[in-house]
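[1] Build me a structure from this.
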Amino acid sequence: MSIRVEQVSFHYGKKAALNNVSFALETGQFAALLGPNGAGKSTLFALLTRLYAQQSGEIFLRELALNQHPTAVMQKLGVVFQQSTLDLDLTVQQNLSYHAALHGLSGKAAKGRIQQELERLQMLARADEKVRALNGGHRRRVEIARALLHQPEVLLLDEPTTGLDPQSRSALNQHIRQLCHETQLTVLWATHLIEEITLEDRVLLLHQGRLLSSATGHSLCELSQQDSLSKAFNTLTCDGASY
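    Here you go, the predicted model:
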């Protein structure tokens, strides 16, 4: 297993944001964390990235417990948050060089990694442009390149297509899937958009803090007795539904 979450719960006061969530992802797997707004997706990402301290349950990456080996685990994670964190007044190259230095990469090694990731994401020609001049889709590609500089084993993307047009959303989604295929990168892609998921994908369906299913899109359709993933999602997340 690449990443494993066991019986994780989290409360904001008396309100349960996550309730006994458990799942595991295989190396090189693209998995979608699907759920409506407020389902608990961002809370789960905050726990996976140590923005929040764990209250109960365990999180493992390659059998290393996040609580016990935080530095080692975080070195194996790449993260793209919902809100952009790029410096708009720096160039693409400058943004990536700064991030590489934070991970202990410098000089020739950093330059090589930056070139490799920008080439992979078809952004090398924009390396000397200020981020402010880029459109939303290209900024997201820069953020993904940045997240991959230290060659993580797992990439977490929290609603990465927020604010993008349909064509840019589709292109970004395909780029990430290609990365899984080419590099055996494990990806957890959080979304509330059904069109970003295929029937063959592993789908972690989160609703009101509970993981309703962690099967494929095909299995979700069978479970809900529906003929499309969109209908299955609506059925399974309907208040009062029990599966």
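[2] who touches the lengthiest helix in the chain?
    Longest helix of the chain, by residue count under DSSP state H: helix 166-183. With Cβ atoms under 8 Å, 6 or more residues apart in numbering as the contact definition, helix 166-183 has outside contacts at 28-30, 120-121, 135-137, 140-141, 144, 148, 155, 157, 160-161, 164, 185-187, 189, 193, 195-196. Bear in mind the C-beta positions are built from the backbone N, C-alpha and C, glycine included.
[3] let's see 6 Å
    Gly28, Phe30, Gly137, Arg140, Thr161, Leu185, Val187, Glu196 (Cβ atoms under 6 Å, 6 or more residues apart in numbering).
[4] I'd like to check the angle between whichever strand or helix holds the fourth one and helix 166-183, please.
    So that's Arg140. Per DSSP states H and E: Arg140 is located in helix 136-148. Here helix 136-148 points in a direction 20 degrees away from that of helix 166-183 (axes from the mean of the first three to the mean of the last three Cα atoms, to 10 degrees).
[5] in the protein, which spans are strands?
    Taking DSSP state E, the strands of the chain run over residues 3-12, 15-25, 30-34, 56-61, 64-65, 77-80, 154-158, 186-191, 202-207, 210-213.
[6] now those in TSV, with distance to Gln93?
    As requested, the strands of the chain are exported to TSV (distance: least, Cβ to Cβ, whole Å):
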stretch	distance to Gln93
strand 3-12	31
strand 15-25	32
strand 30-34	29
strand 56-61	30
strand 64-65	33
strand 77-80	19
strand 154-158	21
strand 186-191	25
strand 202-207	35
strand 210-213	40
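[7] if I look at Gln75, how far off is Ala16?
    Between Gln75 and Ala16 the distance is 31 Å, computed by Cβ to Cβ, to the nearest Å.
[8] same check, this time on Ser56
    For Ser56, the distance to Ala16 (Cβ to Cβ) stands at 11 Å.
[9] What residues of stretch 21-35 count as buried?
    Residues of stretch 21-35 classed as buried under the neighbour-count rule (16 or more other Cβ atoms under 10 Å) are Val21, Phe23, Leu25, Gly28, Gln29, Phe30, Ala31, Ala32, Leu33, Leu34, Gly35.
[10] Now for the residue lying closest to the fourth one once chain neighbours are set aside, how many residues are close by?
    Leaving aside its sequence neighbours, Gly28 sits nearest to Gln184 (Cβ to Cβ, 6 or more residues apart in numbering; 3.9 Å). Neighbours of Gln184 under the rule other Cβ atoms under 10 Å: 13.
[11] Could you check how far Gln184 is from Val5?
    To Val5, Gln184 is 20 Å away according to Cβ to Cβ.
[12] that older thread, could you save the buried residues of stretch 21-35 as TSV and add columns showing distance to Gln82?
    As requested, those are arranged in TSV below (distance: Cβ to Cβ, whole Å):
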residue	distance to Gln82
Val21	19
Phe23	20
Leu25	20
Gly28	24
Gln29	22
Phe30	19
Ala31	18
Ala32	15
Leu33	12
Leu34	15
Gly35	13
